[in-house]
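Trainee: below is the sequence, then the predicted model.
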Amino acid sequence: MKIALVAQHAVPLSRSARPAPGTTAACPDVPAGQAEDDIRVRNLSRGLAADGHHVTVYAQKPDGDAPHEAELCPGVMVSYLGPAVDRDERNLLQRVPGFAAPLRDELGDNPPDVVHAVRWTSGLAALSAARDLRIPVVQSFSSLYITERRHRPGPPETGPKRLRLEPAIGRSASAVVTDCEDEESELARAGVPRRAIRVVPCGVDTARFAPEGPVTDRRGRPRLLTVTDSADELATALRVLAQVPDAELIPSSGARSASAARLAGELGVADRVEFAGPLTRQSLPPMLRSADLLLSLSEHDPAGMMVLEAMACGTPVAAASGGGHGDAVVDGTTGILIPARRPAVIAQRVRGLLSHPMRLAAFGVAASDRARSRYSWDRIARETADVYDRAAAVTA
């Protein structure tokens, strides 16, 4: 099958050392928790190519130095279209017409069997480009504004547009792929037919993220790890730590904030907190393996990528229920689901886990098994290809 994967905002090729045309791109060492769509596009493309499909990733040029076309891996080509843009979503919306026009030319000259759009602006471009070409369009949103606005305000310039356009894109697409059951329900309530929606979760690189491998040095204390750029989530994690004696907390984020350090001092836990700074894709697995428990306190995380990566490393998780966490974590088997804003309740459950090392170890084994069996990119690619087949059959 020939697949056009449209990801207007993505940067699937390495930022640090972009290859010359015709060469193979290495996976960039980007900060953990950032550019998740870049990671997803790369891994999904590779998984599809490994099954014999031919994939072309269409993205808007990120800067003037990027090649027009390069090979990501055998079977996957990346083609940059239109003028160079930044990743600001407001600018991407304004530049959809300038991206859709060359995309239509590409699809018309070299028609794929299916077009898969990632995020809403890519969906607008893909639907416009594929109009009258009788090519099925499959849509992934990665995140819906109707859900985002409950947890964090979006840019006022794009929020109302997304609220109106995302359901319309879903209704116009041949099929919609969602990350989790919560997102499926949101789309159905917005008028997207359930028969057109398929839950295919985000995957995890089970070769990079595995129980075996290097481990970051420990200091003899039970270790809690949290990876977040949210000040509120970090504050909750510190309040949890204050009620878990003898444990240490390793917060990883873009920067150590003065307010977080001050709160740690006020809570009397500063000597048990080590701010790790941002983790890269290389340094994340050893840190995950060193942790007894990952605290994931985001109430809005449709993909749950960090939780999946921890599980794949054999690290149990305590994750806020809902979104991708609710699907990935089997409460009481691979980890625990917790109320995100109730540190006393979270601390009680964390203390219970840390006081039973055998149970915690069993959680880790079960978590790794579930990540490998359910969330490997090989399986996710096959499930996604099944959606393509059904969309193509309906369009034919």
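Mentor: Ah, there it is. Residues are numbered from 1 along each chain as shown.

Trainee: list the contacts of the closest residue in space to Pro62 that isn't next to it in sequence.
Mentor: Once flanking residues are discounted, Pro62 sits nearest to Val11: 5.0 Å by Cβ to Cβ, 6 or more residues apart in numbering. To be clear about C-beta, it is placed using only N, CA and C from the backbone, and glycine gets the same treatment. Counting by Cβ atoms under 8 Å, 6 or more residues apart in numbering, Val11 touches Ala35, Asp38, Ala59, Pro62, Arg87.

Trainee: for the closest residue to Ala247 other than its chain neighbours, give me its contacts.
Mentor: Of all residues not flanking Ala247 in the chain, Pro222 sits nearest, at 4.4 Å (Cβ to Cβ, 6+ apart). Neighbouring residues of Pro222 by Cβ under 8 Å, 6+ apart: Val244, Asp246, Ala247, Glu248, Asp292, Leu293, Leu354.

Trainee: now the two most distant members of those.
Mentor: Maximum pairwise distance in these, criterion Cβ to Cβ, is 13.6 Å, between Asp246 and Leu293.

Trainee: so for those two, which sits in the more crowded spot?
Mentor: The neighbour comparison of Asp246 against Leu293 (other Cβ atoms under 10 Å) goes to Leu293, with 25 against 9.

Trainee: just to revisit the earlier point, going through the contacts of Pro222, which ones are buried?
Mentor: Using 16 or more other Cβ atoms under 10 Å as the burial test, the contacts of Pro222 include Val244, Ala247, Glu248, Asp292, Leu293, Leu354 as buried.

Trainee: Ser45 contacts Ala4, doesn't it?
Mentor: No. Applying Cβ atoms under 8 Å as the test, Ser45 and Ala4 come out as separate, 11.1 Å apart.

Trainee: the residue nearest to Gly213 when sequence neighbours are not counted: which element?
Mentor: Among residues not flanking Gly213 along the chain, Pro285 sits closest, at 5.9 Å (Cβ to Cβ, 6+ apart). Under the criterion of DSSP states H and E, Pro285 resides in helix 284-290.

Trainee: low-confidence ranges, the stretch 51-200 of the chain, go.
Mentor: Scanning the stretch 51-200 of the chain for pLDDT under 70 picks out the ranges 63-66, 85-90, 151-157.

Trainee: could you pull out the strands for it?
Mentor: 54-60, 69-73, 76-81, 114-118, 137-140, 175-178, 197-199 (DSSP state E, counting those that start in this stretch).

Trainee: tabulate the CA atom coordinates of whatever helix or strand comes next after the last one in PDB.
Mentor: Think strand 197-199. Scanning forward in sequence from strand 197-199 by DSSP H and E, the next helix or strand is strand 223-227. The C-alpha atoms that make up strand 223-227 are tabulated as PDB, following Å, rounded to 0.1, in the frame of the first residue of the first chain:
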ATOM      1  CA  ARG A 223      13.000   6.800  44.000                       C
ATOM      2  CA  LEU A 224      10.000   8.600  42.500                       C
ATOM      3  CA  LEU A 225      10.400  10.200  39.100                       C
ATOM      4  CA  THR A 226       8.200  12.800  37.500                       C
ATOM      5  CA  VAL A 227       8.600  14.300  34.000                       C
END
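
Trainee: list of residues touching the next helix-or-strand element following strand 223-227?
Mentor: Sequence order places helix 231-242 as the next helix or strand after strand 223-227, per DSSP H and E. Contact with helix 231-242 is made by 224, 226, 228, 247-249, 251, 253, 257, 259-260, 263-264, 267-269, 272-273, 295, 297-298, 340-341, 343, 346-347, 350, as judged by Cβ under 8 Å, 6+ apart.

Trainee: ok, residues contacting stretch 258-268?
Mentor: For stretch 258-268, contacts defined as Cβ under 8 Å, 6+ apart pick out Ala231, Leu234, Ala235, Leu238, Arg239, Leu241, Ala242, Pro251, Ala270, Val273, Phe275.
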